[in-house]
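K.L.:
for reference, the sequence and a predicted model appear below.
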Amino acid sequence: MTEKVEERFTYTKLSGPENYRAWAAITKVTLIDKEVWDVVNGERRKPSRALELAEWNKANNRALKVLFTMISDEQLAYMVEEDSAERTWNRLKTLNRQSSDERLWQLLQEQFDIANQKSKSVEEKAQRIQNINAEIMLIDAESVLPKKY
């Protein structure tokens with residue numbers, strides 16, 4: 001006899017721009033696992049034929065369930081009338097994504113603050129600095145820093 005085991009994950013709900021990047025990464029992986037990411041990213045478009053439409057609606061609703069359960073009540077207030085997973089994802093991105101310049105300044109501030117973190121070991125501080133530097137390297141070329149830096 002085979003038992004179906006429900007997977008349970010602990011995650012932080014999207015609360016705003018401060019946790020959007022981590023939330024988006026975790027949510028994308030969850031949507032991929034649920035086999036509905038193609039509906040969310042627009043690769044699988046809403047069909048017009050009834051049989052295909054029924055299948056698409058099921059996938060869209062599964063994606064909406066993931067999205068709506070992984071956002072705070074405050075974020076949900078902006079989405080409650082939405083019936084498209086793709087539009088929901090894009091709207092959440094628009095509402096919460098920081099500009100490259102904002103994120104760059106936030107990362108630079110974090111680097112300066114690391115020196116004052118007395119409770120962290122040198123290894124923890126070094127790892128965080130490496131992570132910050134890696135993220136800075138990924139930031140859009142259109143940042144506030146001149147090209148010569």
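P.N.:
Thanks, I have it. Just so it is clear, the model here is predicted, and its values are computed rather than measured. Residues are numbered from 1 along each chain as shown.

K.L.:
surely Lys46 and Glu52 touch.
P.N.:
No - the criterion here is Cβ atoms under 8 Å, and Lys46 misses it with Glu52 at 9.1 Å. For the C-beta atoms, the positions are set from N, CA and C on the backbone; glycine is no exception.

K.L.:
can you pull out the helices in the chain?
P.N.:
For the chain, applying DSSP state H gives helices covering 20-33, 37-40, 50-69, 73-79, 85-96, 100-114, 122-138.

K.L.:
mean confidence score for the third one?
P.N.:
Pointing back at helix 50-69 there. The pLDDT scores in helix 50-69 average 95.

K.L.:
just checking, what packs against it?
P.N.:
Judged by 3 or more Cβ pairs under 8 Å, 6 or more residues apart in numbering; DSSP states H and E, the packing partners of helix 50-69 are helix 20-33, helix 37-40, helix 73-79, helix 85-96.

K.L.:
break the protein into its domains for me.
P.N.:
With domains defined by automatic domain parsing, the chain comprises 17-96, 100-138.

K.L.:
in the last one, what's buried?
P.N.:
By 16 or more other Cβ atoms under 10 Å, the buried positions in domain 100-138 come out as Arg103, Leu104, Arg128, Ile132.

K.L.:
how about stretch 64-71?
P.N.:
Buried, per 16+ other Cβ under 10 Å, within stretch 64-71: Leu64, Val66, Leu67, Met70, Ile71.

K.L.:
quick revisit: got a markdown table for the buried residues of domain 100-138, with pLDDT and distance to Tyr20 too?
P.N.:
Shown next, in a markdown table, are the buried residues of domain 100-138 (pLDDT from 0 to 100; distance: Cβ to Cβ, whole Å):
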| residue | pLDDT | distance to Tyr20 |
| --- | --- | --- |
| Arg103 | 73 | 10 |
| Leu104 | 80 | 15 |
| Arg128 | 84 | 19 |
| Ile132 | 80 | 17 |
